[in-house]
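1. Predicted model and sequence below, questions to follow.
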Amino acid sequence: EPEVTQTPSHQVTQMGQEVILRCVPISNHLYFYWYRQILGQKVEFLVSFYNNEISEKSEIFDDQFSVERPDGSNFTLKIRSTKLEDSAMYFCASIVLAGIETQYFGPGTRLLVL
Amino acid sequence: GEDVEQSLFLSVREGDSSVINCTYTDSSSTYLYWYKQEPGAGLQLLTYIFSNMDMKQDQRLTVLLNKKDKHLSLRIADTQTGDSAIYFCAENSGYSTLTFGKGTMLLVSP
């Protein structure tokens, strides 16, 4: 069964450093998402992406964040200058447009900012 | 804005039924979902229900939707220890953006 994959599974970085989280959505999906989950809290929407542009973003998704689809398969989330409060699990998700809008989630990248 | 509320914890014995409840506020939600998250793992879609349905059954899982009260429940029949996990209720909004509850931790004891 096709699945969303994410790399790395874990990343530790110093405050102020840039990080890039990578996702490979399911190949025939057209909408892509990033969510995050701070430890012990709810999963929060960050951004959605369609047709090579941002469709919607939350208040969390400020100028420190950016997303890109650099080629036909990868979907990346960049945090330019990480803060301690960026420590979280980051989930990528994708959906196929036709039929049921069921989002498929990747396994997540656990980011720790020291 | 949209909000989804769930009870935080549920403990049951193996073989019993589990019922996890959820309330939501967005009356325009089209789909409502249940996701399962095992420790250290990602979000696994368990089941979903379209907003014009009252009930959906999928093997051991039964989803009930009361649209008037904006109440969603997930019933797991014959709960097993492998069902121990956090269960998230979610509704869609915007460009299919999901709004999640805080999750209900289900603990199944032998």
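-> Great, that's in hand.
2. Tell me if I am right that B:M105 is in a strand.
-> Yes. Assigned with DSSP: H, G, I helix; E, B strand; the rest coil, B:M105 falls within a strand.
3. and it, what are its bridge partners?
-> Assessed by DSSP bridges, B:M105 has beta-bridge partners B:F9, B:I86.
4. A:E44 too?
-> On the basis of DSSP bridges, A:E44 takes part in beta bridges with A:R36.
5. so who does it touch?
-> A:Y35, A:R36, A:Q37, A:I38, A:S58, A:I60, B:F100 (CB atoms under 8 Å, 6 or more residues apart in numbering or on different chains). In this view, the C-beta of every residue, glycine as well, is placed from N, C-alpha and C.
6. The third one: neighbouring residues, count only.
-> The number of residues packed near A:Q37 is 21, by other CB atoms under 10 Å in any protein chain shown.
7. any idea how far B:L45 is from it?
-> Separation of A:Q37 from B:L45 (CB to CB, to the nearest Å) stands at 16 Å.
8. same check, this time on the first one
-> Going from A:Y35 to B:L45 by CB to CB gives 13 Å.
9. what does the fourth one give?
-> According to CB to CB, A:I38 and B:L45 sit 22 Å apart.
10. Alongside chain A, which residues does chain B contribute?
-> B:4, B:30-31, B:33, B:35, B:41-45, B:48, B:88, B:90, B:92, B:94-103 (CB under 8 Å from any CB of the partner chain).
11. Beta-bridge partners for B:L74, please?
-> Legend: beta-bridge partners of B:L74 under DSSP bridges are B:I20, B:V63.
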